[in-house]
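A.B. asks: pasting the structure only:
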């Protein structure tokens, strides 16, 4: 099952120990954008792919 961007972000922040600022830097957005995505906003396709890439890199290391 594929995870949603919101699920991936939540897991990165809560289970992998990333800070929102760190995650935002890796994706190339402002930290406030992470908060929006955790709410009801959906990331653009390019940001979704970056979220997925960071998630895959970090979640395989846990």
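C.D. replies: Yep, that arrived. All of these numbers come straight from a predicted model, not from anything done at the bench.

A.B. asks: following element in sequence after the host helix or strand of residue 32, please.
C.D. replies: Per DSSP states H and E: residue 32 is located in helix 31-38. Per DSSP H and E, the first helix or strand lying C-terminal to helix 31-38 is helix 45-59.

A.B. asks: what is that following helix packed up against?
C.D. replies: On a contact count with 3 or more Cβ pairs under 8 Å, 6 or more residues apart in numbering; DSSP states H and E, helix 45-59 meets helix 5-14, helix 20-27. (Each C-beta comes from the backbone N, C-alpha and C, glycine too.)

A.B. asks: wait, which of the ones you listed is closest to residue 59?
C.D. replies: Among the helices and strands packed on helix 45-59, the nearest to residue 59 by Cβ to Cβ is helix 5-14 (6.9 Å).

A.B. asks: and the contacts of the closest one?
C.D. replies: Outside of helix 5-14, the residues within contact range by Cβ atoms under 8 Å, 6 or more residues apart in numbering are 3, 18-20, 23, 34, 37-38, 42-43, 47-48, 51-52, 54-55, 58-59.
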